[in-house]
Structure formats: structure tokens, C-alpha cells
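J.: Sharing a model that was predicted from the sequence below.
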Amino acid sequence: MSHKSLALAVLASVACGLSAHAYADDDAARPPRAKHVVLISVDGLHQADLDWYVGTHPASTLARLVRQGVAYRNARTPFPSDSFPGMVGQVTGGNPKTTGVYYDDAYSRGLLPAGTAAANCHTAKPGAEVFYAEVIARDMNRLDSGQGIPGLYADFSKIFQLTGQARDLIDPATLPVSPQTCAPVYPHQYLKVNTVFEVAHQHGLRTAWSDKHAAYEILNGPSGSGIDDLFAPEINSSVTDPSLPAGPGPDWTKDNTDTQRYDSFKVQAVLNWLKGHDHAGNGTPGVPAILGMNFQAVSTAQKLNTSSYYPDPSNPANKVAGGLGGYVQNGTVPGPVLQSALAFVDGKLGEIVMAADPSSTVVILSAKHGQSPRSRADLTIVNDGDMIDALNCAWEKYAATCKDPSLPHLVAHAMDDDGILMWLNDRSPAALAFAKRFLLGYAGTGVGSDAAGNAVAKPFTQAGASRIVVGEEAADLFGTRPGDERVPDLVGIAQQGTVWAGSKLSKIAEHGGFRPENRHVPIVVWGAGIGADVVDEPVATNQIAPTLLSLLGLEPRALQAVQAEGTRRLPHLR
């Protein structure tokens, strides 16, 4: 049976990244359907990717989950469609206006820069980059983030010696500083609302998670202790031993076969949890009530221009070099690298499903974000560094110091993947209007790709944006108040195919933007007590959080973001 809802108010709220209001009965807990919920994010996975794979691989694990579970075909991620707000939304039920998390590399006007001394913290002017990614690791070049596991690069199976307390892998000197306490602000302290992990803890339940950076300790929630076992090997670390004379080599995202190997570490942790052990396979603490991981293989396969790949991921002895990343046939069919990544994820999902107890486990599959563009013909890479320099210099009337990185400029911070987010030092109406006007008039030549993966020149206009909003209009886009200390001052919505990066064809897609390719991802719920259904009405990935708690018999309104936004459970779970 297919459920279709044309309620325009619901559609508009989801399209704007705002959760739909709750059904009347969503306030109360329900009897539990499951003892365990496995949450899986296949980062980058579009609904169209799932449709293609299920259609061409009807005997696959993904096809089984879709066929036997509830498939939500019209789901949207929060905006910005970045990993941080996407994952935070899935475990809090909130959008950035409520969680305070706009990106993994953002800006706060209420914090002080990293390294601010205690003697200066009460007098220093607030305003700081908040960068919660690989850069905050004790050693971002090591897979263990600087824990120093002996012999790790001779035997990667030793990565399971990594601590389950990811906070211990973070260098506090890299963190922004609170002007109230003069102490570093850890990721979990930056999050404004609680998480499903914390709610589970309050009921004496065990929790576990695996993700790509130690910075994902943000999912602990404000208590800092929501996750019992957080296994976070660093994806942007060196694949080769960084202590050798040659220094760090390429990271695990630069070749999709390496990304698949990296993801396999996290899969093994999930399998160990499902056996009742810790992430290393030790002890018997019991199967967590909430557990899961993210996959990176699909995301890097979509972004890489070319990469090695396995025609059959179950046979890594057969490795092919120089495959095209992304899609072919005008973005409608995954290319060889992406097909390999999808097959890899499907195979690993099969292992997870086989390891789970079907009588007491529910699997929720979704994605933190999508990726854009899918068609190489649409790609236009705009050099964002040049764009920001040009804006600053125009504002400063081309002073000789307008590019000096040691001096403050109009742009305090910018984050540009396939959307523009800018925080300005001057937030006056005149400065906002100037920045908008300048960018709408900014034109040049960027980089595109031909069908064979060769760089071609691509002209662009309006800085590659289809729309630019500033000030109050930017705050309205997020549903927050003007003057929110974390909200961007300027937001640029990408033209189809625009990616802001450098001046080379280093990647062919990105996420973070507003377009459907960035935000239209699947949600599939499968397992104990779940009947088969297809749901076409608009839903949001934020609705995973209250749904997850409900499946465990816990009250969705225990989540602060659910209370604030009225986030409802996913509908039609019979």
C-alpha cells in the first residue's frame, strides 16, 4: 500500500528543513517493538541510488530491507545538508535553529578563538571558528588520532585497541574557548539539546556508535556521556605510516578501495556489539539498545573524479585502477566506482542483518546527506578562496592589505561546499547589502569535467549561486531569529552543479547545499514488528530520533528538540 499526502503545509515545512508538527498521540510512549535499534547512515545515498540498486539487484540486502520494511521515498535531510547537522538531526530530532549545529566547520559569535589564554578570556572580543572535524584530533595524521597504538601501521587490526571514549582523542588546544568559563568547548558542549543516546542512558540502556572523527563525540549530547562505546577511527588520517621519513600519505578518502577498507573497521565494531561485546570484541556488556555507524564509501565514490575500485568488493584481489567516480548517462546510472561502493555497502549490511536478532532488532537505514551534482555535465567548480578575497578587497577598496590573513576582513568565516555560508565581521545593513550585491555580480571561469574525467573551462555568473539571502532573510531561511550568535549572515543557494572548491578537478560533487540532490535521501525501517509499506508523503530525517525512541518504548518528548519543534514520529509504522 502506498500512502500519499499532498498537505502543502507539511510539504513546505519539510522543504524548508523544518520538522512537521506532531500527531496528537506522539506525546506518549508506546509499548516497545524492539530491544535493539541499529541506525545506519550511508552518507551520500540518494533515494535514486537506492531505487537503482534495488531495481538492478533484486536479491540484495538493500532490496530485502525495502521489500520487507517501510520505505519512505520522499525524505529530506536538514539544511545545510552537511554531515554534522544531518547526523545530529537524526539523533536529536532537531534542525540547526534548535541544535545550534549548522556545519562541522562553522562560526560562533559567542565563543573565543582556540588558544585564548585564561588571562584574556573575560576581555577578549567573542567570535570564533568552530571546526569540529579531523583538525581537533591529537594527531590527525594517525588512524588512532594520536592514541599511539603500538604497531598499528604494521597491523591495522590493532585499531580495535582504540579507546571507546573519543573525547580522549581530542586536543583541547584546538577547541574554541568559552568566555564564561575560560575552558575549551568540546563538541558535546556545543550541542544545545539532548540526544537519543542520553535518553536511553536515563533508562539504564547501553549505547554504542561508530563514526569518522573523534569530533562525533558531539552525539554524546550535553551530558558528555550518552554513548558508552564510541569507536571513531580517523578517516582523514594517513593510510601509510605518518612517522616514516616520507611523512603522511593520502588519507582514506582519496581512493575508494581505501574507504571500503576503512568502513570495514566500523562494520566489525557493529558486529562485535551485536554479539554483546565491546567494539574490540571483548567482554560481555550486552547488545546495546542503540547502536550503529556511518558508511563513507558511497560518498567518496560520488566525489572522486577517478579512483581504483573492486569490480567485486568480496574479491579484493581483483583491483582496477583509474575508474570514473560519480555517475554516467547524465547522472542516471552509477559509474564503476560508485557501483562497487554500493555493492560493498550492501554486502556489509548483509553481515549486520545476519548478526542481528530478528525477533528483537529494528534496522533504520538513511543518510546524513546526499551529493550534488550527479551529472558531470552540470559540474562547475568555483574557486571559493578567490571569491572571498575578491569580496574582501572590494569592501576594503582594494587596500594593499586586503588579502593579509593576519588581519580581520569583512568575511569573518566562510564555509562553501555546494552552498555558501558566510559570517561577517560587519553585520550592518550596508555591509550585508554590499556582500550580496558583489556576489551577484561576481563572474569568471571555473572548472568542469568532460565525460572522460578531463578538466574543462566553465564560465560562471553570480558566484555560482542561484539565490543569495542575507541578514534577517538568512535567519528566516533557518527559522531562527536575526542575531542568533551562530546563524550565518549570508547564504548562497547553488546553481545546479556548482561546487565551491579550489581551481582543480579534485572532486566532482559535494554536499551541504539546498538542492534536492543534496537532501532527497531514503529512510527504510525494517525488523521486528515492522510490516511492509511504501510511504510517499514528505518526511524528514529528523523524524528518525522520535521514531527510534518509540520503537524502544521510550517517550519521544524526552528529546528537547522534539518538544521545541514538534517533530513527529515517522508515519505508517504498523
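T.: Here it is on my side, so go on.

J.: Kindly confirm my reading that residue 158 forms part of a strand.
T.: No - using DSSP: H, G, I helix; E, B strand; the rest coil, the assignment for residue 158 is helix, not a strand.

J.: Just to check, residue 419 is in contact with residue 85?
T.: No - under the criterion of CB atoms under 8 Å, residue 419 is not in contact with residue 85, lying 11.8 Å apart. Heads up, the C-betas are built off the backbone N, CA and C, glycines and all.

J.: Residue 318 - that's part of a helix, no?
T.: No - using three-state DSSP, the secondary structure at residue 318 is coil, not a helix.

J.: Return the residues in contact with it.
T.: When contacts are counted by CB atoms under 8 Å, 6 or more residues apart in numbering, residue 318 touches 310, 311, 312.

J.: Please determine how far residue 402 is located from residue 409.
T.: Separation of residue 402 from residue 409 (CB to CB, to the nearest Å) stands at 7 Å.

J.: Between these two, point out the one with more neighbours.
T.: residue 409 (21 against 18; other CB atoms under 10 Å).

J.: For the closest residue in space to the more buried one that isn't next to it in sequence, what is the enclosing helix or strand?
T.: Sequence neighbours aside, residue 392 is the residue nearest to residue 409 in space, at 4.0 Å (criterion: CB to CB, 6 or more residues apart in numbering). Secondary structure from DSSP states H and E places residue 392 in helix 384-395.

J.: list the buried ones in that helix?
T.: Across helix 384-395, burial judged by 16 or more other CB atoms under 10 Å covers 384, 387, 388, 389, 390, 391, 392, 393, 394, 395.

J.: How much space separates the closest residue to residue 511 other than its chain neighbours from residue 45?
T.: Counting by CB to CB, 6+ apart, residue 369 is the residue found nearest to residue 511 once chain neighbours are left out, at 4.1 Å. For residue 369, the distance to residue 45 equals 9 Å [CB to CB].

J.: can you list residues touching both of the two?
T.: Common neighbours of residue 369 and residue 45, using CB under 8 Å, 6+ apart, are residue 521.

J.: Pull the contacting residues for the residue nearest in space to the middle of the chain.
T.: Nearest residue to the geometric centre of the chain (CA atoms, centre = their mean): residue 83, 1.0 Å. By CB under 8 Å, 6+ apart, the contact set of residue 83 is 43, 104, 212, 294, 368, 369, 511.

J.: The nearest residue to the first one once chain neighbours are set aside: neighbouring residues, count only.
T.: When you say that, I think you mean residue 43. With CB to CB, 6+ apart as the criterion, residue 43 has its nearest non-adjacent residue at 4.2 Å, and that residue is residue 299. Neighbour count for residue 299, taken as other CB under 10 Å: 30.

J.: Check which helices and strands the helix or strand containing residue 299 sits against.
T.: Per DSSP H and E: residue 299 is located in helix 297-303. The contact analysis (3 or more CB pairs under 8 Å, 6 or more residues apart in numbering; DSSP states H and E) places helix 297-303 against helix 256-274, strand 306-309, helix 336-355.

J.: avg pLDDT for that helix?
T.: Averaging pLDDT along helix 297-303 gives 98.

J.: What are the buried residues along it?
T.: Neighbour counts over helix 297-303 (16+ other CB under 10 Å) mark 297, 298, 299, 300, 301, 302, 303 as buried.

J.: from these, which is closest to residue 261?
T.: Relative to residue 261, the closest of the buried residues of helix 297-303 is residue 297; by CB to CB it sits at 9.4 Å.

J.: Contact partners for the closest one?
T.: Shown in contact with residue 297 (CB under 8 Å, 6+ apart): 256, 259, 260, 263, 341, 344, 345.

J.: ditto for residue 242
T.: Contacts of residue 242 by CB under 8 Å, 6+ apart are 139, 141, 142, 248, 249.

J.: change it to 10 Å
T.: With contact set as CB atoms under 10 Å, 6 or more residues apart in numbering, residue 242 has these partners: 139, 140, 141, 142, 143, 153, 248, 249.

J.: can you put these in CSV and add distance to residue 453, pLDDT and secondary structure?
T.: Formatted as CSV, those follow (distance: CB to CB, whole Å; pLDDT from 0 to 100; DSSP: H, G, I helix; E, B strand; the rest coil):
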residue, distance to residue 453, pLDDT, secondary structure
139, 34, 98, coil
140, 29, 98, coil
141, 29, 98, coil
142, 32, 99, coil
143, 29, 99, coil
153, 31, 98, coil
248, 26, 98, coil
249, 23, 98, coil
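
J.: Can you tell me which of those has the largest number of neighbours?
T.: The residue in the contacts of residue 242 with the most neighbours, by other CB under 10 Å, is residue 143 (27 neighbours).

J.: Next, find the distance separating that residue from residue 309.
T.: 22 Å.

J.: Repeat that for residue 528.
T.: Distance from residue 528 to residue 309, by CB to CB: 36 Å.
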